[in-house]
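K.L.:
Sequence first, predicted coordinates after that:
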Amino acid sequence: MPGQPKNKGLRPNHPEAPSGFSYWETKGWLQDLDAVVVGGGLVGMSAALRLRQRHPNWRILIVDRATVGGATTRNAGFACFGSPSELLEDWQQLGAEATVALVKMRWDGLQALRQTWGDRALGYQDCGAVEAFSDPALFTACRDALPSLNEALGDTLGNRPFTTDVKASDAGLTRLEGVIASPLEGAIDTSRLATALRMHLHRENIGLLTGHEVTNLTHGQGCWTIETSEGHIQAPCVLVANNGWASALLDLDVQTAPNTVLVSQPQLGLHLPSTVHHDRGYVYAREVDGRVLIGGGRHWACPTEAERVERLKAWAVEHIAGVSRFEVEFQWQGHLGVGASRGPLIEDLGDGLYAGVRMGGMGVAIGTLVGRKLADLV
């Protein structure tokens, strides 16, 4: 049944079954909980902090599968709302009204993020973005659509959110059909964001249990049993905020989609002043501390991860000026939460179970608002 837990029978729902946690762990941190948030990324932490505002006396615990960081620190840190080619595709598939609504949600979310934490705490760079075009037909279509896009988005983003008044060479790019600039976008340091959130969790006496994957949810006698890789926890209220990973727990329209991210060794003379999007946002790049960060490529349907890595490296060498070799120093996978709809899924599933998932690759932009809206359902 849609929205219901995928009860795998991994744990018998009997009060007498041992929890797996020690007596001291349970006594100190895990008993008498009022709410458990599954997922310790931007959405989950924002939801927990909103719960604290609304319920000052609740005992709240966040459980996250990652041992270090999590989804928030495994993304690329783009403060974006959609490149021209991505929005043109949305316009054609969803219509103008739905496209504007998506952009407004992302823009409002970015403003909420910045206003809540401040640009310094986020390491926010007001650097703007460019979309890099290697396909002449796509560049022409997007350039021709700019007047309509700018007019439709003007009330939300301000006058001329997109412009062609920039050259590829000025953006540190080369061998392209053209570029379109988006001066309202930016970039953040995701580790600084996570640090700011975690410090606030500590001040608000909200527990954070890392390195524990939630494997099952069962309900009985007015209480949820949250089975983890180390033991079980109980609470009357559960907020699922683990994005694509929710597909393992709940029957919802969301799937996890892995995304490769690479960071090069330092590149002498690198000049990449803006973030870069390519091919409807499926490829993205930015400069981080004199290095090239590039990621994505899931639309290429490469048979192996190694082939995707080589294509990303080749794109950087071909199109980023001054990059003659791309030696990988950091490589990891982030995971998107995607589904049939482009928007997030925020639902009251009944019996004290709630879900806020399916960020669609826009977690930085919408995660704060999704977390707050999720908590407001409780």
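P.N.:
Nice, I can see it.
K.L.:
C-alpha only now, for contacts and for neighbours.
P.N.:
Noted.
K.L.:
got the contact list for A241?
P.N.:
The contact partners of A241, taken as CA atoms under 8 Å, 6 or more residues apart in numbering, are V37, V38, G39, G40, G41, V43, G44, A355, G356, V357, G371.
K.L.:
one more time with 10 Å
P.N.:
37-47, 62-64, 346, 354-358, 367, 370-371, 374 (CA atoms under 10 Å, 6 or more residues apart in numbering).
K.L.:
so of the residues you listed, which ones are in helices?
P.N.:
Using DSSP state H, L42, V43, G44, M45, S46, A47, G367, V370, G371, L374 are the members of the contacts of A241 that sit in helices.
K.L.:
Select only the buried ones of those residues in ChimeraX?
P.N.:
Below is the selection syntax for ChimeraX that covers the buried ones among the ones in helices among the contacts of A241, with 16 or more other CA atoms under 10 Å defining burial:
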select :42,43,44,45,46,47,367,370,371,374
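K.L.:
R325: which of the ones in helices among the contacts of A241 is nearest?
P.N.:
Closest to R325 out of the ones in helices among the contacts of A241 is L42 (34.3 Å), distances taken as CA to CA.
K.L.:
can I assume that closest one is in contact with S191?
P.N.:
No. Contact between L42 and S191 fails when scored by CA atoms under 10 Å: they sit 11.2 Å apart.
K.L.:
can you map out the strands along the stretch 1-150 of the chain?
P.N.:
Along the stretch 1-150 of the chain, the stretches classed as strands by DSSP state E, counting those that start in this stretch are 35-38, 60-63, 78-79, 129-133.
K.L.:
what helices or strands is the third one leaning on?
P.N.:
In other words, strand 78-79. With contacts defined as 3 or more CA pairs under 10 Å, 6 or more residues apart in numbering; DSSP states H and E, the secondary structure elements packing on strand 78-79 are helix 96-117, strand 186-187, strand 275-278, strand 283-288, helix 363-376.
K.L.:
per-residue confidence averaged over that strand?
P.N.:
Averaging the model's pLDDT scores along strand 78-79 yields 98.
K.L.:
With the last one instead?
P.N.:
The predicted model assigns strand 129-133 a mean pLDDT of 98.
K.L.:
Now it - C-alpha only, PDB.
P.N.:
As requested, C-alpha coordinates have been extracted for strand 129-133 and formatted as PDB (Å, rounded to 0.1, in the frame of the first residue of the first chain):
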ATOM      1  CA  ALA A 129      26.800  30.500 -12.400                       C
ATOM      2  CA  VAL A 130      27.100  29.800 -16.100                       C
ATOM      3  CA  GLU A 131      25.600  27.100 -18.300                       C
ATOM      4  CA  ALA A 132      28.200  25.800 -20.700                       C
ATOM      5  CA  PHE A 133      26.800  24.600 -24.100                       C
END
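K.L.:
strands paired with that strand, and their directions?
P.N.:
Taking DSSP bridges as the criterion, strand 129-133 sits next to strand 178-182 (antiparallel), strand 275-278 (parallel) in its sheet.
K.L.:
what's the longest one in contact with?
P.N.:
By that I understand strand 178-182. Strand 178-182 has contacts (CA under 10 Å, 6+ apart) with 80-85, 127-136, 139-140, 142-143, 146, 160-169, 171, 173, 274-278.
K.L.:
Would you show me how to pick out the buried ones of those residues in ChimeraX?
P.N.:
Once 16+ other CA under 10 Å is used to decide burial, the buried members of these can be selected in ChimeraX as follows:
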select :80,81,82,83,84,85,127,128,129,130,131,132,133,134,139,142,143,146,160,161,162,163,168,169,171,173,274,275,276,277,278
